[in-house]
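A.B. asks: Based on what follows, work out the 3D shape:
(chains A, B, C and D)
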There are 2 protein chains.
Amino acid sequence: MPPALLSREEVVARVMSVVRRQGYDGASLSALSKATGLGKSSLYHHFPDGKDDMVGAVITHLETSLEASVFAPLRAAGSPADRLRAMNGALDRFYADGREACVLAILGVGDASRRFHPRVKRIFRDWIDAVASVIRDSGQSAEAAQARAEDAIVRIEGALMLARSMGEPSIFGRTLRALPEELLRP
Amino acid sequence: MPPALLSREEVVARVMSVVRRQGYDGASLSALSKATGLGKSSLYHHFPDGKDDMVGAVITHLETSLEASVFAPLRAAGSPADRLRAMNGALDRFYADGREACVLAILGVGDASRRFHPRVKRIFRDWIDAVASVIRDSGQSAEAAQARAEDAIVRIEGALMLARSMGEPSIFGRTLRALPEELLRP
DNA sequence: TGTATTGTACCGATCGTTCTGTCACCCGAG
DNA sequence: CTCGGGTGACAGAACGATCGGTACAATACA
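C.D. replies: Numbers count the residues shown, from 1 in each chain, chains lettered A, B, ... in the order given. Got it, this is the predicted structure:
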């Protein structure tokens, strides 16, 4: 039971939480209604284009919050290792230490994936580029940095998936902690 | 349009194909009916417990075919590198060079995940153990082998996810090809 | 004939969506 | 200050479509 008054950001956060756990198809309007405390018609008042509109707002929220808490720190000043550790901290929080699924991975399932694919791809692209810039700053060539950055995202997403499938969230933390050394080795 | 007569294996394969693309919730009975060429009543004749029964059959098919084409080769005689390359060949085929999603990852989404979690976890467990045995045979300690084997599955699943999200299937092949060296390095 | 398989029609439930209406609140006119 | 008309935020009820699932008769094949 939400406390009657919810800001748009809070509503979007709750929608994201449901999508994360149930997937796009599983996130029914009635589930979203229950999670946000808003009637179905109220949801349509705030998101006139329906479910796609709500999930679009989730992606927008994801874009801005990833930019602020992950991409920007990666591009900031500081030692490469520190910048990677800053990313790790943000990811650990966002994924609840490996217990929560990745929204981007969830949105790759089903017909919805076609609609959201461009925006999802863009986020991954930005993420890879931000990680690659760190690795370049550590002295690697642009090509090696690009390849290692892709490998970083591969590991993060894979660890998230396996951690949840095995019921062992620690897999995620272990993978994260190993990343800086592996990405920066000569 | 299926050619009228389908073996149970072929039916299961088509169900798997739909689940893979649409997810559990998105794989409606009408979609499964269309994909298999069987009416709903025929589907219920062959799978009396409905959708869960069909997906259960998919998992069973997965267990046996992964055992035959991936786990067994990993445990067979031969050099560690050869055994890993044998796994890679099977995976490349099964995932269509990175174009098809992983059924196990798909089944981790939504309420369905709770029902199938034990079997999915078991498959991952067996997979990790089989890879670990290869790495042990290359001279690594049991602990290091276990950790590296987990990392292998992490990378395979992550690469599959990212390859599809980026629309660049080649990410999967590149990750696979890099695996033997990374897992067997001293 | 008997058994295995399938088509048709249907069930109640739930899907995403829309319509209608109500309530609280703001703001300018009197 | 009061009042009335807009305005945004919400709920209830209902829409047609589709969901997963069932009953049963008809067909196909042995």
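A.B. asks: what comes up buried for the helix or strand where A:Ala147 lies?
C.D. replies: Assigned by DSSP states H and E, A:Ala147 belongs to helix A:142-166. Under the neighbour-count criterion of 16 or more other CB atoms under 10 Å in any protein chain shown, helix A:142-166 has A:145-166 buried. All C-beta spots, glycine's among them, are computed from the backbone N, C-alpha and C.
A.B. asks: And that helix, what does it pack against?
C.D. replies: helix A:103-106, helix A:112-137, helix A:170-184, helix B:103-106, helix B:112-137, helix B:142-166, helix B:170-184 (3 or more CB pairs under 8 Å, 6 or more residues apart in numbering or on different chains; DSSP states H and E).
A.B. asks: what is the orientation angle of that helix with helix B:170-184?
C.D. replies: 80 degrees (axes from the mean of the first three to the mean of the last three CA atoms, to 10 degrees).
A.B. asks: average model confidence for helix A:142-166?
C.D. replies: Averaged over helix A:142-166, pLDDT sits at 98.
A.B. asks: Compute the inter-axis angle for that helix and helix A:112-137.
C.D. replies: Using the same axes, to 10 degrees: helix A:142-166 against helix A:112-137 is 130 degrees.
A.B. asks: got the residues of chain A near DNA strand D?
C.D. replies: A:Leu5, A:Leu6, A:Gly37, A:Leu38, A:Gly39, A:Lys40, A:Ser41, A:Ser42, A:His45, A:His46 (CB under 7 Å from any atom of the strand).
A.B. asks: which outside residues touch the strand or helix carrying A:Arg85?
C.D. replies: Assessed by DSSP H and E, A:Arg85 sits inside helix A:80-94. Residues from elsewhere that reach helix A:80-94 (CB atoms under 8 Å, 6 or more residues apart in numbering or on different chains): A:65, A:69-70, A:73-74, A:76, A:78, A:100, A:131, A:134-135, A:137-138, A:156, A:173, A:176-177, A:179-180, A:183-184.
A.B. asks: Buried residues in that helix, which are they?
C.D. replies: For helix A:80-94, a neighbour-count test (16+ other CB under 10 Å) marks A:Pro80, A:Arg83, A:Leu84, A:Arg85, A:Ala86, A:Met87, A:Asn88, A:Ala90, A:Leu91, A:Phe94 as buried.
A.B. asks: Reformat those as a markdown table; add distance to B:Ile59.
C.D. replies: Formatted as a markdown table, the buried residues of helix A:80-94 follow (distance: CB to CB, whole Å):
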| residue | distance to B:Ile59 |
| --- | --- |
| A:Pro80 | 43 |
| A:Arg83 | 42 |
| A:Leu84 | 37 |
| A:Arg85 | 39 |
| A:Ala86 | 40 |
| A:Met87 | 35 |
| A:Asn88 | 34 |
| A:Ala90 | 35 |
| A:Leu91 | 31 |
| A:Phe94 | 31 |
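A.B. asks: related to what we said a few turns ago, so how far is the helix holding A:Arg85 from its chain's centroid?
C.D. replies: Relative to its chain's centre, helix A:80-94 lies at 13 Å (CA atoms, centre = their mean, to the nearest Å).
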